[in-house]
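Trainee: Test case, fold it:
(chains A and B)
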Amino acid sequence: MSKSHHVEKATGVGDPQCFKGEAPAAKFKVGDKVRIRNLPDIFYTRSQMYLREAEATVVKLVYESPPAEDEAWDNTDSPEWFYSLLFKQTDLWPDYPKKFETDTLETELSERWLEGI
Amino acid sequence: MSNSDNHDHKAAPMVDEISDFEALEVAVRELCIEKGLFTQDDHNEWTEYMHTLGPLPAARLVAKAWLDDDYKQLCIDDPVKASLEVGINWITSMPSNFGTPSDYCNPRILVDTPTLKHVVVCTLCSCYPRPILGQSPEWYRTPNYRRRLVRWPRQVLSEFGLQLPEDVEIRVADSNQKTRYVVMPVRPEGTDGWSEDQLTEIVTRDCLIGVAQPRADRKADDKRPIIRAVHAYGH
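Mentor: Numbers count the residues shown, from 1 in each chain, chains lettered A, B, ... in the order given. Model (predicted):
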């Protein structure tokens, strides 16, 4: 696909739909256990601090897209897979009541933020 | 100083101060207009368009799904296609033709069950499924809601009047990337035999965000009782 501005590319197709098929093969699959990496994010990120180094389960491969850290600078050259991840609340917050240990949190991160465990 | 002593006073400004972000928005908007990316007329048209959007299409989507299991499955598998049936085109809607301005087109319907309750927040900003829910309520954008819901969901929900039993799993969806979440609550008791229109009326905006449960006895446009102020010292 020729390099065109993000807006032209998304028109009539949708974003993130316009990046479909552009990411390398997904490294993780539904059910995999992963740990969230604590990467530096000097300029921009959409990976929440409260998730760093926590463990999660992949529940869905959601779409392919340039990661937010690139897209913030209009760099759409390297789309990657995004995963919907399920966390246990008691893993995220030390003071979360054990009584509610079935409570969960779901959110999305791109592949660079995940390492297999 | 009484009012009559001050004949030449100027009216106080309507808004005392604007935030840094409002100033930034005006600056960027004016630069875009100067640069010719869009015109002031375009901006007016988009703004007015945004304010025509509301939660009714999502309420109807939920009501249809309650009545039709095939449609419910479509809502799970292909929410973009399911939204077309309630008149919302995430992909080519006005005015940008790639979703409403500055937003993404990857909706996802979170289906509640009797033992699983979803609630949506955007901790990083205020991402919201605007094409199908309209503008977000003011509280949804506040740092207070955003920082507390992820960490103390049960306490925050109880502030909304929603107290959930221990055996119900609460699942917070933090809308941090390109997915826009809509909650499909469980159909309440007392609605047997209801039509799609009747069911649509009880699915309020707050039910679609997940901070409330639909009730057979409460419609989105019900008249609220007027509760008069209580004056403890007998005014």
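
Trainee: doesn't A:V62 fall inside a helix?
Mentor: No: remark: A:V62 does not belong to a helix; assigned using DSSP: H, G, I helix; E, B strand; the rest coil, it is strand.

Trainee: What is the burial count for it?
Mentor: Counted by other C-beta atoms under 10 Å in any protein chain shown, the residues lying close to A:V62 total 19. No exception for glycine: its C-beta is placed from N, CA and C like everyone else's.

Trainee: what about it, distance to chain B?
Mentor: Computed as C-beta to the nearest C-beta, to the nearest Å, the A:V62 to chain B distance reads 6 Å.

Trainee: could you measure that residue against A:V7, distance?
Mentor: Distance of A:V62 to A:V7, given as C-beta to C-beta, to the nearest Å: 22 Å.

Trainee: can you give me phi and psi for the residue of chain A most remote from its centre?
Mentor: Residue farthest from the centre of chain A, counting by C-alpha atoms, centre = their mean, is A:K99 at 29.2 Å. Main-chain torsions, A:K99, degrees, to the nearest 10: phi -60, psi -30.

Trainee: List the single closest residue to it in space, sequence neighbours excluded.
Mentor: In space, not counting the residues next to it along the chain, A:K99 is nearest to B:E166; the distance is 6.3 Å by C-beta to C-beta, 6 or more residues apart in numbering or on different chains.

Trainee: go on, B:W66?
Mentor: B:W66 sits nearest to B:R187 (C-beta to C-beta, 6+ apart), 4.5 Å away.

Trainee: List the residues that contact that neighbour.
Mentor: Applying C-beta atoms under 8 Å, 6 or more residues apart in numbering or on different chains to B:R187 gives the contacts B:66, B:199, B:214.

Trainee: Would you mind pulling up the elements that the lengthiest helix in chain B packs against?
Mentor: The longest helix of chain B (DSSP state H) is helix B:20-35. Packing partners of helix B:20-35 (3 or more C-beta pairs under 8 Å, 6 or more residues apart in numbering or on different chains; DSSP states H and E): helix B:40-50.

Trainee: so what secondary structure elements neighbour the lowest-mean-pLDDT helix or strand in chain B?
Mentor: Sorting the helices and strands of chain B by mean pLDDT, DSSP states H and E puts helix B:40-50 at the bottom, at a mean of 88. If you count contacts as 3+ C-beta pairs under 8 Å, 6+ apart, helix B:40-50 packs onto helix B:20-35.

Trainee: hey, where'd the strands end up in chain B?
Mentor: Secondary structure of chain B (DSSP state E): strands at B:106-111, B:116-121, B:169-174, B:179-184.

Trainee: Chain A now?
Mentor: Read by DSSP E, chain A holds these strands, from start to end of the chain: A:33-36, A:55-65, A:80-88, A:104-110, A:114-116.

Trainee: ok, the third one: who's next to it in the sheet?
Mentor: The reference is to strand A:80-88. Within its sheet, strand A:80-88 is paired with strand A:55-65 (antiparallel), strand A:104-110 (antiparallel), according to DSSP bridges.

Trainee: Which positions in chain B make contact with chain A?
Mentor: For chain B, the residues found near chain A under the criterion C-beta under 8 Å from any C-beta of the partner chain are B:80, B:90-92, B:96-99, B:104-106, B:108, B:123-124, B:150-151, B:153-154, B:166-167, B:169-179.

Trainee: returning to that earlier point: if I look at the residue nearest to B:W66, how far off is B:L116?
Mentor: 15 Å.

Trainee: One more: A:V58?
Mentor: Noted for A:V58: a distance of 18 Å to B:L116, by C-beta to C-beta.

Trainee: who has more neighbours, these two?
Mentor: In this view A:V58 and B:L116 are compared by other C-beta under 10 Å, and A:V58 has more residues nearby, 19 against 15.

Trainee: The more buried one contacts A:V30, correct?
Mentor: Yes: counting by C-beta atoms under 8 Å, A:V58 does reach A:V30; the two are 5.5 Å apart.

Trainee: ok, back up a step: so which of the strands of chain B is the most packed in?
Mentor: With neighbours defined as mean count of other C-beta atoms under 10 Å in any protein chain shown, the strands of chain B peak in mean count at strand B:179-184, which reaches a mean of 24.

Trainee: can you map out the helices along chain A?
Mentor: Along chain A, counting by DSSP H, helices occupy A:6-10, A:68-71, A:89-92.

Trainee: just for chain A, where's the confidence low?
Mentor: For chain A, the stretches with pLDDT under 70 are A:1-4.

Trainee: Chain B contacts on that one?
Mentor: Chain A comes close to chain B at residues A:7, A:10-18, A:46-48, A:50, A:62-63, A:65, A:68, A:82, A:84, A:86, A:89, A:92-93, A:96, A:99-100, A:102-110, as judged by C-beta under 8 Å from any C-beta.

Trainee: make it 7 Å
Mentor: By C-beta under 7 Å from any C-beta of the partner chain, the residues of chain A that approach chain B are A:7, A:10-17, A:46, A:48, A:50, A:62-63, A:65, A:68, A:82, A:93, A:99-100, A:102-108.

Trainee: Pull out the buried residues from the residues you listed.
Mentor: A:10-11, A:13-17, A:46, A:48, A:50, A:62-63, A:65, A:68, A:82, A:93, A:100, A:102-108 (16 or more other C-beta atoms under 10 Å in any protein chain shown).

Trainee: out of the contacts of B:R187, which one sits closest to chain A?
Mentor: Set against chain A, the nearest of the contacts of B:R187 by C-beta to the nearest C-beta is B:P214 (21.9 Å).
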